[in-house]
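Q: here's my sequence, what's the structure:
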Amino acid sequence: MTYQHDYQRSLADPVGFWAEQARQVAWFRAPTQVLCERADGTHQWFADGRLNTSFLALDHQVEQGRGEQTALAYDSPVSGSQQRFSFRQLRNEVARLAGWMRALGVGKGDTVLLYLPMIPQAAMAMLACARLGAVHSVVFGGFAAHELAVRIDDAQPALILTASCGLEFDRVVAYKPLLDKALELARHRPRHIAVWQRPQLAASLVPGRDLDWQREVQDAQPAAPVELASGDPLYIMYTSGTTGRPKGIVRDNGGHAVALRFALDKVYGMAAGDVWWGISDVGWVVGHSLIVYGPLMAGCTSVFYEGKPVRTPDAGSYWRIIEQYRVNALFCAPTAMRAIRKEDPEGRLLSRHDLGSLRRLYLAGEKLDSSTHAWLESVTGKPVHDHWWQTETGWPVTAPCAHLDGSGARTGSSNRAVPGYAVRVMDEQGHVQAPGQQGDIVIALPLPPGCCQTLWRDHERYLQAYLAAYPGHYHTGDGGYLDEDGFVYIMGRTDDVINVAGHRLSTGEMEDVVALHPQVAECAVFGVRDEIKGQVPLALVVLKDGAPLETRQLQAELVARVREQIGALACFHRVRVVKRLPKTRSGKILRAVLRKLADGEAFAPPSTLDDPAILQEIAAVLAAG
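A: Down below sits the predicted model:
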């Protein structure tokens with residue numbers, strides 16, 4: 001089929017189109033109700049279907065004769081470990097873990113929080129939860145205690161699964177003290193905590209509360225997959241909210257399975273037996289869609305990597321993985337490739353490796369700049385595709401579709417909408433913009449299967465955050481434009497969430513931390529361009545009169561506060577003291593103006609600016625470093 005045929009059909013006849021895609025899934029009971037729409041604009045796909053995601057990823061693959069094929073190829077240059085798990089081995093490990101969890105009383109509808117590094121047990125824990133119908137929420141390993149506590153209180157887990165430590169190229173990160181601190185801060189108390197002890201660091205266990213994961217699970221009886229309704233939740237994925245309170249994105253089982261089977265085939269061009277590498281962490285949506293669930297449900301071998309693009313041990317690590325595991329296609333963030341380019345601009349380390357197995361590379365998570373795009377295609381000799389999606393959608397919104405002829409690719413664009421997504425650009429009054437005109441990027445309802453339809457225990461917030469601004473449409477929060485051929489160009493976020501190395505972080509949340517310092521009168525935090533990470537936060541602070549701290553000491557204290565409250569991944573290092581901030585006459589700080597000023601972009605001072613001289617003062621501070 002051609003791209004145009006499938007795309008037009010998906011919009012004209014979504015019920016027929018997605019009913020056909022659903023036949024690719026091994027349901028326990030195939031759905032007869034394809035699409036049920038609700039009065040509030042939300043909807044449910046395959047409402048009467050029954051299935052189990054862990055069964056689709058493991059048991060079904062064994063039934064199809066792939067029992068001895070490698071399912072998970074674990075490679076950890078930071079620990080020197082490599083392991084391969086066949087589909088049969090992985091199924092058995094997951095069934096045993098699920099059986100132990102069931103013996104603890106964990107069952108359908110319970111929540112389980114995972115605070116784990118990139119070790120195989122993280123994937124096993126996700127799949128074990130899915131096997132039981134328990135709803136898992138993975139929190140990025142090493143996340144700050146305060147943020148972890150917030151997620152514990154929101155998810156209210158019956159069980160927390162963690163590890164003794166995570167590993168960086170130059171240090172060991174102890175997880176248990178962070179979790180212990182988070183539990184002191186949190187109001188909710190989980191029934192059980194289990195710790196996977198890694199050889200690099202042993203964690204102290206609290207008697208009567210903490211369990212030794214290895215010892216407890218070794219004699220557990222395996223659990224069979226539980227039959228679930230299509231709409232039963234599979235997982236919660238927390239993403240930064242502009243209010244400072246994280247949003248718990250909820251993913252269902254049925255729509256998720258259909259969408260990922262479609263994406264792995266039509267978008268990424270993967271077939272059973274192929275080797276796929278999703279380069280991310282299970283703490284992010286990519287880790288769910290493109291490391292664990294998507295590749296396994298498609299019958300692919302998934303590479304599970306614990307390392308960095310550089311310094312583990314060098315900028316040739318990615319190319320070594322591709323050669324060693326005969327990777328056919330991969331996904332990563334542009335940040336990773338920019339880091340590799342910085343250390344190996346001529347591709348000398350790459351030239352030592354055979355990339356003959358590699359068919360194409362997909363980049364997403366932030367804007368792919370044309371320079372990095374051209375460099376990567378030049379040094380690899382492979383097609384490089386930008387594409388765009390969100391935690392909320394769970395799979396690509398725009399992308400070149402490898403198995404749909406005529407989808408095309410265009411450098412500088414995140415490419416055309418994937419079948420199922422009616423992407424439009426609107427102005428603030430809700431008028432559809434002509435090609436080339438910028439505005440808010442929205443998607444007409446109904447959203448295709450797999451997309452979030454509610455927030456964990458806060459449906460009203462979902463309606464207000466995503467559906468209220470443009471009736472009949474999902475508001476992506478991104479701005480950009482379409483060209484006359486339907487190619488989508490993403491220009492950036494329209495709220496105060498910035499993208500740091502592919503991680504969406506709330507600058508409003510950082511402002512709250514900075515503003516609590518006793519010597520800070522007011523502040524503005526916004527994202528500025530960074531060669532490697534895409535964006536990093538910059539804080540402008542106005543001090544209270546008579547503040548005694550020396551500037552460098554104040555900066556150090558603010559950096560330490562943000563690191564403690566939000567985490568090191570915020571990359572909060574830049575603080576500048578200014579006398580005042582630019583505001584409108586109504587008192588609103590002009591963050592968009594500040595961002596353009598810091599990035600050296602041209603802008604016209606808005607007519608509402610209280611005093612234009614403020615911008616000259618701030619420009620001088622920024623120029624002085």
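
Q: can you pull out the low-pLDDT segments for the stretch 201-350 of the chain?
A: Scanning the stretch 201-350 of the chain with the threshold set as pLDDT under 70 gives 240-244.

Q: can you give me the strands for it?
A: Defined through DSSP state E, counting those that start in this stretch, the strands belonging to the stretch 201-350 of the chain, from first to last, are 210-212, 228-229, 233-239, 247-252, 275-278, 301-305, 329-332.

Q: and those as JSON lines, adding mean neighbour count?
A: (Glycine included, C-beta is placed from N, CA and C.) Formatted as JSON lines, the strands of the stretch 201-350 of the chain follow (neighbours: other CB atoms under 10 Å):
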{"stretch": "strand 210-212", "mean neighbour count": "17"}
{"stretch": "strand 228-229", "mean neighbour count": "22"}
{"stretch": "strand 233-239", "mean neighbour count": "24"}
{"stretch": "strand 247-252", "mean neighbour count": "25"}
{"stretch": "strand 275-278", "mean neighbour count": "24"}
{"stretch": "strand 301-305", "mean neighbour count": "25"}
{"stretch": "strand 329-332", "mean neighbour count": "23"}
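
Q: adding distance to residue 140, write these out as JSON lines.
A: Putting the strands of the stretch 201-350 of the chain into JSON lines (distance: least, CB to CB, whole Å) gives the following:
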{"stretch": "strand 210-212", "distance to residue 140": "21"}
{"stretch": "strand 228-229", "distance to residue 140": "26"}
{"stretch": "strand 233-239", "distance to residue 140": "9"}
{"stretch": "strand 247-252", "distance to residue 140": "14"}
{"stretch": "strand 275-278", "distance to residue 140": "15"}
{"stretch": "strand 301-305", "distance to residue 140": "15"}
{"stretch": "strand 329-332", "distance to residue 140": "17"}
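
Q: to residue 50, which of those lies closest?
A: Using CB to CB as the measure, strand 228-229 is the one of the strands of the stretch 201-350 of the chain that comes nearest residue 50, at 6.3 Å.

Q: check what pLDDT the closest residue to residue 365 other than its chain neighbours gets.
A: Using CB to CB, 6 or more residues apart in numbering and skipping the chain neighbours, the partner closest in space to residue 365 is residue 502 (3.3 Å). pLDDT for residue 502: 76.

Q: burial check on residue 68, number of neighbours?
A: Neighbourhood size, residue 68 [other CB atoms under 10 Å]: 11.

Q: which ones are touching it?
A: Residue 68 is in contact with 86-88, counting by CB atoms under 8 Å, 6 or more residues apart in numbering.

Q: quick check: it vs residue 84, distance?
A: From residue 68 across to residue 84, the span is 11 Å (CB to CB, to the nearest Å).

Q: repeat that for residue 166.
A: Residue 166 sits 22 Å away from residue 84 when distances are taken as CB to CB.

Q: the two: who's more crowded?
A: Counting neighbours by other CB under 10 Å for residue 166 and for residue 84 shows that residue 166 has the greater number, 25 against 15.

Q: next structured bit after the lowest-mean-pLDDT helix or strand in the chain?
A: Each helix and strand of the chain was given a mean pLDDT (mean pLDDT, DSSP states H and E); the minimum falls on strand 503-506 at a mean of 74. Stepping forward along the backbone from strand 503-506, the first helix or strand reached (DSSP states H and E) is helix 507-515.

Q: mind listing what's buried along stretch 328-347?
A: 328-341, 344, 347 (16 or more other CB atoms under 10 Å).

Q: also stretch 38-49?
A: Residues of stretch 38-49 classed as buried by neighbour count (16+ other CB under 10 Å): 41-49.
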